[in-house]
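**Student:** I would like the atomic coordinates for the input below:
(one chain, ligands or ions: 1)
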Amino acid sequence: MSILDINKIRQDFPILDEKINGKNLVYFDNAATTQKPLVVLDALANYYGHYNANIHRGIHFLAEKATSAFEESRTAIQQFLNAKYKEEIILTYGTTDGINLVAQTYGRKFLKEGDEIIISTLEHHSNIVPWQMLCEEKGCILRVIPIDDNGDLILEEYEKMLSEKTKFVSVVHVSNALGTINPIKIIIEKAHEVGAKVLIDGAQAASHITIDVQTLDADFYVFSAHKIFGPTGMGALYGKKDLLNAMPPYRGGGEMIKEVTFEKTTYNELPYKFEAGTPNIADVVAVKFAIDYINGLGKANIAAYEDELLVYATQQLSEIEGLRIVGQAKEKVSVISFVLDGIHPQDVGVILDQQGIAVRTGHHCTQPLMSRLKIPGTSRASFAVYNTIEEIDKLVAGIHKVKKMVL
Ligand code: PMP
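**Tutor:** Residues are numbered from 1 along each chain as shown. Below you'll find the predicted structure:
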C-alpha cells in the first residue's frame, strides 16, 4: 500500500472532476502529457495577474520580480537534475527543441562526413529526425541499436557498433511507447570509452525516475515540463559547461548577445547564449511549482505507487483473452501498450473514449519501432500518481465492452 493519500492528491488536479460523455474522466494518457495541479495553475494566473513583465532587461519592480521567479525555476531544474552549475541549464520549448538545439549546434560544428551517430529502435521521432537532418547535411552515418522482442535494447549489439568512428550517441531514457527503462549509465560509459558524446532524451523519465546528470556523466539531458505536471511548450536542456561553451549559438536575436554592431556581434554568456528572444516566462515560472509538487510527494513514493498500478494493470490485462501486451522489458515505468486480436487500436480508443477513458492509440511517434514490432500501432494506457486501481478496473471493463461491440 502506498503511503501517499491518492484521494487527496486527486483533489489537487481539478480536471479529474470533468465528465466525459457523461462519465467520470479516467485519464490514462499521461505519457502524452500529464495533468496540472492547482499550484501550477495558480502560478500561471499569479504571474499574469500580478507581476507580468519582460525579464532580464527591466529595472522596474515587476521586471525584477519576474526575472527572479524565472531564474528560481532554473535553479529548481538544476537541483531536479543535480547539475553542478546553474548555467548548465538552458531553458527550451521542450524535449524536441533541446534535441534540435544540440544537433544543430554541437552536431553542425563538431561532426563531419563519415562520423557515426548512434540512436536506438526505441526512439521517439524527435530523437530520430534531427539526427537524420544532420546526417543529410554533413554526410554522417546513423546507426540504430536493435531491440529484442520484449522491447529491451540488445546491448551486445550496441557494444559491437561502437568504434573510433562513433562521435555521438543519443538514446531515450524511458520509451514512451513501451515503457522500457534503458540502462543509460552503461550506455554512457561505453560511449565515453570510444570518446563519443551522449544525449539522453528524458521526456518520459523525468516524472518517474530520480535523475542525477553528474552520476550518470551525461553530456546532455533533455526533458519537457508538460510531462512532469508543468506547462506545455517549456523544457530544459542540461549540457556540460565546457561543451555548451564550445558550441555556437542556436537562434540569433535579443538576449543572446553581448554586443551588436553591423560589422560583428559577440554572444552572451551561458545560459543566455542559447536563449534568444522573449521566452514563455509564465510557463518557466510555473515549472518550479511542478517540481516542488513532485518533491513534496517524493519521487520514490510516486514511483512505488505507479509500480503498484503497473503490476495490477499488467495482471488484469493479461487475463483478457485476445489481448497481448506489447513490450515486456525487464525494467519498465507505468506504461502499458497492448493490441487486441482482430480489433484496430483506433476502434479501441474511440470506444473507450465513449466510456470516459482516455488512452492513446497509434504509433506514438515511434513509427520505426512499430515497424520492428510488425504492428501498425498499439493502444496505450499510461499511469500517473493520481490514477487508481478502480480506474484500472474501469479500463478492463471497457476493453471487454470493446470486444463485445467489435467482434
Ligand atoms: N521523447 C519522448 C520519449 C517523448 O515521449 C516525447 C513526447 N511524447 C518527446 C521526446 C517529445 O517531447 P515534446 O513534444 O514535449 O518536445
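**Student:** Return the residues in contact with residue 95.
**Tutor:** 124, 126, 201-203, 222-224, 235 (CB atoms under 8 Å, 6 or more residues apart in numbering). Bear in mind the C-beta positions are built from the backbone N, C-alpha and C, glycine included.
**Student:** now do 7 Å
**Tutor:** Residue 95 is in contact with 126, 201, 203, 222-224, 235, counting by CB atoms under 7 Å, 6 or more residues apart in numbering.
**Student:** Convert stretch 203-222 to CSV, retaining C-alpha atoms only.
**Tutor:** Extracted in CSV, the C-alpha atoms of stretch 203-222 (Å, rounded to 0.1, in the frame of the first residue of the first chain):
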residue,chain,number,x,y,z
ALA,A,203,11.0,13.1,-21.7
GLN,A,204,9.3,10.1,-20.2
ALA,A,205,11.8,9.5,-17.4
ALA,A,206,11.7,12.9,-15.6
SER,A,207,8.5,12.3,-13.7
HIS,A,208,9.3,8.7,-12.7
ILE,A,209,13.0,8.4,-12.1
THR,A,210,15.4,10.4,-9.9
ILE,A,211,17.9,11.9,-12.3
ASP,A,212,21.5,12.8,-11.4
VAL,A,213,23.3,14.0,-14.5
GLN,A,214,26.6,14.1,-12.6
THR,A,215,26.5,10.4,-11.5
LEU,A,216,25.3,9.4,-15.0
ASP,A,217,28.0,11.6,-16.5
ALA,A,218,25.6,12.5,-19.3
ASP,A,219,26.9,15.1,-21.7
PHE,A,220,23.4,16.4,-22.5
TYR,A,221,20.0,15.6,-20.9
VAL,A,222,16.7,16.9,-22.1
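**Student:** Identify all contacting residues around it.
**Tutor:** Contacts of stretch 203-222 (CB under 7 Å, 6+ apart): 31, 34, 81-84, 95, 98-99, 102, 124, 173-176, 184-185, 188, 192, 197-202, 223-224, 227-228, 235, 237-240, 243, 294, 299, 303, 306, 333.
**Student:** From those, list the ones also adjacent to the ligand.
**Tutor:** 95, 124, 176, 201, 224 (CB under 6 Å from any ligand atom).
**Student:** Of these, which is the most crowded?
**Tutor:** Most neighbours among these, by other CB atoms under 10 Å: residue 201, with 31 neighbours.
**Student:** Which of the contacts of stretch 203-222 are buried? Put it as a ChimeraX command.
**Tutor:** ChimeraX command restricting these to the buried ones, with burial defined by 16 or more other CB atoms under 10 Å:
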select :31,34,81,83,95,98,99,102,124,173,174,175,176,184,188,197,198,199,200,201,202,223,224,227,228,235,237,238,239,240,243,294,299,303,306,333
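**Student:** Now intersect the contacts of stretch 203-222 with the helices, please.
**Tutor:** 81, 95, 98-99, 102, 184-185, 188, 192, 243, 294, 299, 303, 306 (DSSP state H).
**Student:** Need those in CSV (columns: pLDDT and distance to residue 74).
**Tutor:** Formatted as CSV, the ones in helices among the contacts of stretch 203-222 follow (pLDDT from 0 to 100; distance: CB to CB, whole Å):
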residue, pLDDT, distance to residue 74
81, 98, 11
95, 98, 17
98, 98, 14
99, 98, 20
102, 98, 18
184, 98, 24
185, 98, 25
188, 98, 24
192, 98, 27
243, 98, 18
294, 98, 17
299, 95, 20
303, 96, 25
306, 97, 28
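**Student:** Just give me the closest of those to residue 165.
**Tutor:** The closest of the ones in helices among the contacts of stretch 203-222 to residue 165 turns out to be residue 192 (CB to CB; 15.2 Å).
**Student:** so how far is the ligand from the closest residue to that closest one other than its chain neighbours?
**Tutor:** Leaving aside its chain neighbours, residue 192 sits nearest to residue 217 (6.8 Å; criterion: CB to CB, 6 or more residues apart in numbering). From residue 217 across to the ligand, the span is 21 Å (CB to the nearest ligand atom, to the nearest Å).
**Student:** For the stretch 301-407 of the chain, which segments are assigned as helices?
**Tutor:** Taking DSSP state H, counting those that start in this stretch as the test, the helices found in the stretch 301-407 of the chain are 345-354, 367-373, 389-406.
**Student:** Looking at these, which is nearest to residue 167?
**Tutor:** helix 367-373 (21.6 Å).
**Student:** That closest one and the ligand in contact?
**Tutor:** No. Helix 367-373 does not reach the ligand (CB under 6 Å from any ligand atom); its nearest approach is 10.8 Å.
**Student:** what does the protein have sitting close to the ligand?
**Tutor:** Residues of the chain lying near the ligand (CB under 6 Å from any ligand atom): 94-96, 124, 126-127, 172, 176, 201, 203-204, 224, 226, 365.
**Student:** same thing but 8 Å
**Tutor:** 31-33, 93-99, 123-127, 172-176, 201, 203-204, 222, 224, 226-227, 232, 235, 364-365 (CB under 8 Å from any ligand atom).
**Student:** Which ones among these lie within strands?
**Tutor:** Judged by DSSP state E, the residues of the chain next to the ligand include 172, 201, 222, 224, 235 as members of strands.
**Student:** The first one - how many residues pack around it?
**Tutor:** Read that as residue 172. 29.
**Student:** is it true that it touches residue 122?
**Tutor:** Yes. Residue 172 lies in contact with residue 122 (CB atoms under 7 Å); the separation is 5.4 Å.
**Student:** Looking at the ones in helices among the contacts of stretch 203-222, which is nearest the ligand?
**Tutor:** residue 95 (3.6 Å; CB to the nearest ligand atom).
**Student:** separation between the residue in the stretch 301-407 of the chain that the ligand sits nearest to and residue 249?
**Tutor:** Here the residue of the stretch 301-407 of the chain nearest the ligand is residue 365; by CB to the nearest ligand atom that distance is 5.9 Å. In this structure, residue 365 and residue 249 are 28 Å apart, going by CB to CB, to the nearest Å.
**Student:** cool, and residue 278?
**Tutor:** 16 Å.
**Student:** cool, and residue 289?
**Tutor:** From residue 289 to residue 249 the distance is 30 Å (CB to CB).
**Student:** Give me the more crowded residue out of these two.
**Tutor:** residue 289 (24 against 18).
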